[in-house]
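>>> structure of the sequence below:
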Amino acid sequence: MNELFKQQVWEVSRLIPKGRVSSYGAIAKAVGFPNHSRHVGKAMGGCPKDVPAHRVISSSGILSVPEFQEKLEAEGIVVENFRIKNFKTLFWNPLEEL
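You can find the predicted model right below:
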């Protein structure tokens, strides 16, 4: 994974509004690599502190990092059994909303 890809992933991720979530796949599509959702996950693993990694989750609404639950709940997002409640309502699609 190259540095430019990581920078693009972080740039899009910074745009996710507070109280909303996006997915690894949606971010991958937004940066032009629709089949690279796993690489987005890897990029998020080493992201700078100003990137809201807790807002990027699986496309099924399940948290891949359980520690992010507290941060999401602080933004008003309800999480039950590591799954975002009202995921479809809260989902931010960068291809549609940018």
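>>> mind checking the longest helix of this protein?
Ordering each helix of the chain by length in residues (DSSP state H) puts helix 3-13 first.
>>> tell me the helices and strands packed up against it.
Contacts defined by 3 or more Cβ pairs under 8 Å, 6 or more residues apart in numbering; DSSP states H and E place helix 3-13 against helix 24-30, helix 37-45. The C-beta positions use only the backbone N, C-alpha and C, and glycine is treated the same way.
>>> residue contacts, the most centrally placed residue in the chain?
The chain has V56 as the residue nearest its centroid, 1.4 Å off, counting by Cα atoms, centre = their mean. Shown in contact with V56 (Cβ atoms under 8 Å, 6 or more residues apart in numbering): S13, I16, V21, S22, S23, Y24, I27, V40, G41, M44.
>>> re the thing from before, need the winner for burial among the helices and strands packed on helix 3-13.
helix 24-30 (a mean of 22; mean count of other Cβ atoms under 10 Å).
>>> which parts of the longest helix of the chain are buried?
Applying a neighbour-count criterion of 16 or more other Cβ atoms under 10 Å, one finds F5, K6, Q8, V9, W10, V12, S13 buried in helix 3-13.
>>> grab the nearest non-local neighbour of the fifth one.
Counting by Cβ to Cβ, 6 or more residues apart in numbering, W10 lies nearest to V51, which is 4.7 Å off, once chain neighbours are set aside.
>>> now the fourth one
Taking Cβ to Cβ, 6+ apart as the measure, V9 lies nearest to A43, with 4.3 Å between them; neighbours along the chain are not counted.
>>> give the contact list for that neighbour.
A43 makes contacts with M1, F5, K6, V9, W10, as judged by Cβ under 8 Å, 6+ apart.
>>> contact partners for the last one?
Neighbour list for W10: A43, C47, P48, V51 [criterion: Cβ under 8 Å, 6+ apart].
>>> what mean pLDDT does the longest helix of the chain have?
Helix 3-13 carries an average pLDDT of 97.
>>> try stretch 65-77
Computed over stretch 65-77, the mean pLDDT rounds to 94.
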